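Chemist: Next comes the sequence, and after it the predicted model I'd like to discuss.
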Amino acid sequence: MLSQKEVERLHYGLRSHIELQNDIEVQALNDLSSKFILRTIRTGESLWDLNSATGDLHFILDGTFTEYLKRGTKSFILRFYRPGKFAFSEDLLLYSKNSDTYSKALSEARVASLPSVHFQNALRQGGVGVKLMEVLINLSMTEYRNSTYHMLQTSGTNRIHAALEQFPDLLHLIPRRELADYLGISRASLFRSLKEIGHE
Amino acid sequence: MNSGEKAAMRNYFESLPVYSEFFDEAIDAVISAMDSTIRAEKGRVLNELGAKNRDFWFLKDGYLKEMYRSPYAKEDGLFNMIPPSSIFVNEDTLFANQRPLHYFTAYTSVEILRLSEENYSRLLREYPIINLLYISGTAEIQKSRRARLNMLRMNKTPERIEWVQQQRRELFQIMDRITLAQYIGVSRASLYRAFEKNNKYQY
């Protein structure tokens, strides 16, 4: 059960992304908000994993998550999810296929989750459900665009600057080894660049 | 619009995962609402997509460079290459009502077609299912960005080159080395070293 404060935060989060045009849509969004379920997730636990059968839509109330992409035997950080943001497996939620990614909590987190069945029902009904789908795709597109910006920087220092612009507390989120992988640079280059910009 | 242009657009819509014959009438309406062809020579910036432009554009022929202004580099950077039969827009203006961070230049001579915002809004009222085509189109862009981002996270330059060779074959053939280096996020020196090391060259 969500507390009144959490319901308000969730509702505000949804409203900040979805442009509502009439009272019917306001009511539909209210109905949808009431279907979210509160979950507490401990550090290191999964929000979803490679074997998850259904894709729920999560709204992060507290805590931070990383989404990893599994490629061969190695996993890469794809993106981070912070409070006030939606988190979801695109493969499961949008394309109803097995997820190539999994997500883990970097710190203890509180999450409001909309079970897949309610998301799919809202989508079938059109209106707010379709708008939500549009929003989720646009958010992903923008996140990937921002991450692409920093990955296109050929100097390690510029790459860190660009990544910090997207995630200001990135240096405190993950260990240096993972950070180097995330930025696609060697650890030596990471430490050199951090020293250069006065972070080590 | 001539029959070739119509066929190119129809092929685009039919390639979307959501497509079925159910969409045909709406697709015909969209194709009929497209403006006549705009041509741009190699190197020209597409000023048609000014700061407030919220139209939808279809690249019929040629290749476009999607450029962005990087605050970290002296020169504007290559964000993406757009191949023929693609839809492109000012996404900052369209999605977020903000000044565009990107602009487009013709990498080769190009031909583009326009669906004006007014026509799109009118068609959406007449054929609400067009929204599904819109969502499917943006989802394809999203998937493509994710795939490219995953390539950019590969540690080794030869792996990135191989990805372009396999996943973006058409672009691999058309891009010069400077553009290829920018596309895969490495320096030119690193690209040349990778070619020499593996004794494999682009052409």
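Modeler: On my side now, so go ahead. Numbering: from 1, shown residues only, chains lettered A, B, ... in the order given.
Chemist: Residue 70: what's it in contact with?
Modeler: This is for chain A. By C-beta atoms under 8 Å, 6 or more residues apart in numbering or on different chains, A:Lys70 lies in contact with A:50, A:100-102. C-beta: built from backbone N, CA, C; applies to glycine.
Chemist: Can you look at chain B instead?
Modeler: Counted by C-beta under 8 Å, 6+ apart, B:Ser70 has contacts A:149, A:152-153, A:158, A:162, B:76-77.
Chemist: just checking, which of these belong to helices?
Modeler: A:149, A:158, A:162 (DSSP state H).
Chemist: so how many other residues sit close to the first one?
Modeler: Right, A:Tyr149. Using other C-beta atoms under 10 Å in any protein chain shown, A:Tyr149 is surrounded by 22 other residues.
Chemist: likewise the last one?
Modeler: Look at A:Ala162: counted by other C-beta under 10 Å, it has 22 neighbours.
Chemist: A:Ser155 is in contact with that one, correct?
Modeler: No. Contact status for A:Ala162 versus A:Ser155: not in contact, 10.2 Å apart, counting by C-beta atoms under 8 Å.
Chemist: Mind listing the shared neighbours of those two?
Modeler: In contact with both A:Ala162 and A:Ser155: B:Tyr72, using C-beta under 8 Å, 6+ apart.
Chemist: Which stretches in chain A count as strands?
Modeler: Assignment of strands within chain A using DSSP state E yields the ranges A:37-41, A:46-48, A:57-62, A:65-71, A:74-81, A:86-87, A:101-105, A:109-114.
Chemist: Please tabulate the ones you listed in a markdown table, including the columns distance to A:Asp23.
Modeler: Shown next, in a markdown table, are the strands of chain A (distance: least, C-beta to C-beta, whole Å):
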| stretch | distance to A:Asp23 |
| --- | --- |
| strand A:37-41 | 26 |
| strand A:46-48 | 34 |
| strand A:57-62 | 23 |
| strand A:65-71 | 35 |
| strand A:74-81 | 32 |
| strand A:86-87 | 24 |
| strand A:101-105 | 36 |
| strand A:109-114 | 22 |
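Chemist: I'd like these laid out as JSON lines, including mean pLDDT and distance to B:Ile141.
Modeler: Listed next are those as JSON lines, based on pLDDT from 0 to 100; distance: least, C-beta to C-beta, whole Å:
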{"stretch": "strand A:37-41", "mean pLDDT": "93", "distance to B:Ile141": "31"}
{"stretch": "strand A:46-48", "mean pLDDT": "95", "distance to B:Ile141": "23"}
{"stretch": "strand A:57-62", "mean pLDDT": "92", "distance to B:Ile141": "21"}
{"stretch": "strand A:65-71", "mean pLDDT": "89", "distance to B:Ile141": "18"}
{"stretch": "strand A:74-81", "mean pLDDT": "87", "distance to B:Ile141": "17"}
{"stretch": "strand A:86-87", "mean pLDDT": "93", "distance to B:Ile141": "18"}
{"stretch": "strand A:101-105", "mean pLDDT": "95", "distance to B:Ile141": "18"}
{"stretch": "strand A:109-114", "mean pLDDT": "94", "distance to B:Ile141": "25"}
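Chemist: For whichever helix or strand B:Glu118 is part of, give me every contacting residue.
Modeler: In this assignment (DSSP states H and E), B:Glu118 forms part of helix B:117-126. The contact list for helix B:117-126 (C-beta under 8 Å, 6+ apart) reads B:26, B:29-30, B:33, B:54-56, B:130-131.
Chemist: mind listing which of these are in strands?
Modeler: Among these, the members falling in strands (DSSP E) are B:Phe56.
Chemist: Chain B: which of the ones in helices among the contacts of B:Ser70 is nearest?
Modeler: A:Asn158 (4.0 Å; C-beta to the nearest C-beta).
Chemist: Name the nearest residue to the residue nearest the centre of chain B, sequence neighbours excluded.
Modeler: Centroid check for chain B by C-alpha atoms, centre = their mean gives B:Ile82 as the closest residue, at 3.1 Å. In space, and not counting its chain neighbours, B:Ile82 is closest to B:Leu64: 4.1 Å by C-beta to C-beta, 6 or more residues apart in numbering or on different chains.
Chemist: just A:Phe88 next, same as before
Modeler: A:Leu57 (5.1 Å).
Chemist: My guess is that neighbour contacts A:Phe86. True?
Modeler: Yes. Using C-beta under 8 Å, A:Leu57 is in contact with A:Phe86, at 6.4 Å.
Chemist: More neighbours: the two, which one.
Modeler: A:Leu57 (24 against 19).
Chemist: and the more buried one, what is it in contact with?
Modeler: A:86, A:88, A:93, A:113-114, A:116, A:119, A:132, A:136.
Chemist: Need the ones in helices among the contacts of B:Ser70 in JSON lines (columns: pLDDT).
Modeler: What follows is the ones in helices among the contacts of B:Ser70, written out as JSON lines (pLDDT from 0 to 100):
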{"residue": "A:Tyr149", "pLDDT": "85"}
{"residue": "A:Asn158", "pLDDT": "84"}
{"residue": "A:Ala162", "pLDDT": "83"}
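Chemist: filter these down to the ones close to chain B.
Modeler: Restricting the ones in helices among the contacts of B:Ser70 to those adjacent to chain B (criterion: C-beta under 8 Å from any C-beta of the partner chain) gives A:149, A:158, A:162.
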